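1. Got a sequence here, can you model it:
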Amino acid sequence: HLLNTLYSCKWAPSCVLHVANVCREIPMTPEELQFLIEKILRTMKSLSLSELPPLVYQLLVLSTKGHKTLVLEGILTLFNQLDGEVLAEEREGEGMVAVNLGQDELLQTEGTVILHITFALKQDQELGKEFLKKLKAMQSRMIGSMLSPFSIALALSVARIHRFEDAVFDFLKGVVLRSFKDHDRKRASKWMKEVNQDSPNMEELVLNTVQHSVCGWDHVVQGLVMLGFHLMDCFTPRSAATSPTVSTTPQHRACLLGAKILQETFKVHPLVHREMVSQLINRILTNASAHVSHYITLLSDVVAVVPQVSLDSLPQLREAFSYLSLLPPAPAIELLHAILPLVQFSSSVRDSLLLVLRKSLFSRQIEARKVAVGGYLLLLRKFKVLNSLRIESSQTSQSQTGSQIQVEIHSAGGSSAHSSNEALCLEILGALRRCLTQQYEVRLSLYEGLYEVFCSNSKLAEPIIDLLLNHLQHYYESEPDILPPLKFEPCLTTSGGEVNRREPLNHLLCCLQQCVAKFAEWEGQGEGEEEEPHPPEVIEEARDTLQSLAERMAKSEPEDFELDKSADFSSSSSVGQKNRAVAWLVAGSYEALMEYEFTTGELSQASCEQTLRLHQGYQRVADILQEKAGGSGAGSKRGHGGAGPSRTDSCTLSLLCVTRMLRAIFSDAIPSHQQPLTVLRGSQALVKHLLSVALQKIHQIHDRGTCEGDSLLHKPEKIFKSCCSLGRVLFKQLDTGAAGGGQREGGKK
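-> Just a heads-up that it's a prediction; the model follows:
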């Protein structure tokens, strides 16, 4: 009777805590205990925030006698409601100062309550089991009112207890994935949108938890980091071309949410910098055989936010550098690109990277050498040179030994940083010169990336062209009357009856002509006129060489390359393999020279005629190869080390050039261009070849995310823009052709 009277009367807020403390020592039946707990939970709503944490502690002590679920549900319901009220007031925007003050006090109160609950769960295993049952019920029902930043923070804090870790993160991952799946269903069905209105917005709730964690919730931070990585781990890109920023599936959106959690946590909690960088690098290194673009993108984002993190994470970075040579080239270069701000920020990081790249360049593994080349090219793109580097070559065109070049740095009293960049770039160019004596794959990597360096770091134009031109001299016949003008035999090696490629001569020509054409474009735009009224000597020499090559290749016949129809092209003999490899090198060289003539000729009569003659030479070689080797034989060895690449792999025309040529042929209406373009428009074989190459490029982009011959098209937005340009040209021609066909039909009627 005494207990019933005590529980039934109205309690003053000031005495609630004392009553709860006294009742701990009173023996009670389960019904009386339930009545007491419900009474305390009802009165908690009228108490001030500062009085709630000790009262929660008393409730947790009472729960040792029973009704653990009731206690947990009551506490969660109360603080979920308080969170909802504060968020609603924030959205209304009324009394922002009072709201902020109230929210700060609420967050501090919630942080203390979370500590009390976590401590109780450590001591009471039965209470822990009830907590797990509560999580499972919340996951199965997915009621929005039961989820709030407080409940998520409580789960993350409890996850620090080892026996609860797996269950908590399984719950959180399941809730996040189900939330995204429900969002997809509601977007696809109006009926689902009306029925399922209580589904929580987990992205907003989790990110609010991150923001609230700055108010003394240090016990939640570790859980946020672990949750972010758990969400990222549940997604694996299917290919390297998968965009790391465009969401497609619930798993992908969960991965993006995990990355956002980690990025926001990184910004507001400096204590997790070292751990996050270490975990990211470990995941990249251990999963490099799969696609790790989502981890590398996050690493790039966090490094860009706080470059000074290198001071805390220098040991981890040096360890990552030591594993670079063991990674596949693509993820290794992506990793270097991500941490590039640290390389620019810290000279010690840069020195460590240079040492690793130098070792990798002389590794026995070809993949390690390709990583070194990619790393060097990346540094050349990012460390800008502000003053021209003039080349004074001690070589003559007849002296083809590898050479000593003298480089003068023309400085206008620049800073030491600029001088350091110049010295670094010259050191790297010297290292890249050694790549020209290494395997085919290594040289190909250099040629495919050097044009991008040329465009990004224009003051390196002369050293780059000198590097390419000097190497071309090994295969170039300088006498103007010699046909053919190129020596293809040294580009191949024979070992054990198998022919392997040694020098990608067509790609060398493609890189050189693109650089020279780009320099001509800069001249046309007036760049560098005050400093260099006349083109440098090495540029003029490169132009003369390319012009001579174009003229003599246009005059050459297949017999000059020993590729007449009587030659052996079978794949079973070394002679046939060699002839086939030479044929594709010749065809690729024709394409490179076609692009140079068209790009630099400005649609003159002479350039169009020369372009057509070069294509005719290409067509003669391609026809022989098609006839003698056959479709299946020509594409039997697709790798870069084999002798018989497919037609797709060996194409050296760039997508930009193909688009320009098709636009000129199909839709150029400038009067002065009509007469020269008549030459190109009259060749159906040329148009067919350009369309075939365009289709091949599109297939490459679809399969790999990039295409050969276009080193600048490595970013999705540039690839998309180029594809749109090509599509506009083709659709316009289709529309014009359809209109013309309709007019002809009308005339016949």
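
2. Surely Cys707 touches Val693?
-> No: using C-beta atoms under 8 Å, Cys707 is not in contact with Val693; the gap is 9.9 Å. Where C-beta positions appear, they are placed from N, C-alpha and C, glycine not excepted.

3. low pLDDT regions in the stretch 501-650 of the chain?
-> The model of the stretch 501-650 of the chain has pLDDT under 70 over residues 526-534, 629-650.

4. all helices for it, in order.
-> Per DSSP state H, counting those that start in this stretch, the stretch 501-650 of the chain carries helices over the ranges 505-524, 537-555, 574-601, 605-634, 647-650.

5. And stretch 15-30, what's buried?
-> Neighbour-count burial for stretch 15-30 flags 16-17, 19-20, 23 (criterion: 16 or more other C-beta atoms under 10 Å).

6. Go through those residues and name the one nearest Arg187.
-> Val16 (47.0 Å; C-beta to C-beta).

7. can you tell me the helix or strand for the closest one?
-> Following DSSP states H and E, one finds Val16 within helix 16-23.

8. elements contacting the next helix or strand after that helix?
-> Tracing the chain past helix 16-23, the next element assigned as helix or strand by DSSP H and E is helix 30-44. Packed against helix 30-44 by the contact rule (3 or more C-beta pairs under 8 Å, 6 or more residues apart in numbering; DSSP states H and E) you find helix 2-8, helix 16-23, helix 52-62, helix 68-92.

9. any idea of the angle helix 30-44 forms with helix 68-92?
-> Using axes from the mean of the first three to the mean of the last three C-alpha atoms, to 10 degrees, the direction of helix 30-44 lies 10 degrees away from that of helix 68-92.

10. How about residues contacting helix 30-44?
-> Residues from elsewhere that reach helix 30-44, judged by C-beta atoms under 8 Å, 6 or more residues apart in numbering: 3, 7, 11, 13, 16, 20, 23, 28, 52, 55, 58-59, 62-63, 65-67, 70-71, 74, 78.

11. Any idea which of the helices and strands packed on helix 30-44 gets closest to Val586?
-> Among the helices and strands packed on helix 30-44, helix 68-92 sits nearest to Val586 (C-beta to C-beta), with 69.9 Å.

12. Next, the angle helix 52-62 makes with the closest one.
-> Taking the same axes, to 10 degrees, one finds helix 68-92 and helix 52-62 inclined to each other by 160 degrees.

13. what ranges do the strands span in the stretch 351-500 of the chain?
-> Taking DSSP state E, counting those that start in this stretch, the strands of the stretch 351-500 of the chain run over residues 389-393, 405-409, 492-495, 498-501.

14. Least reliable of those strands by average pLDDT, please.
-> Per-segment mean pLDDT for the strands of the stretch 351-500 of the chain reaches its minimum on strand 405-409, at a mean of 39.

15. any chance of the helices of the stretch 501-650 of the chain in JSON lines, with distance to Thr112 and mean neighbour count too?
-> JSON lines is the format used below for the helices of the stretch 501-650 of the chain (distance: least, C-beta to C-beta, whole Å; neighbours: other C-beta atoms under 10 Å):
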{"stretch": "helix 505-524", "distance to Thr112": "65", "mean neighbour count": "22"}
{"stretch": "helix 537-555", "distance to Thr112": "73", "mean neighbour count": "19"}
{"stretch": "helix 574-601", "distance to Thr112": "71", "mean neighbour count": "24"}
{"stretch": "helix 605-634", "distance to Thr112": "75", "mean neighbour count": "18"}
{"stretch": "helix 647-650", "distance to Thr112": "65", "mean neighbour count": "19"}
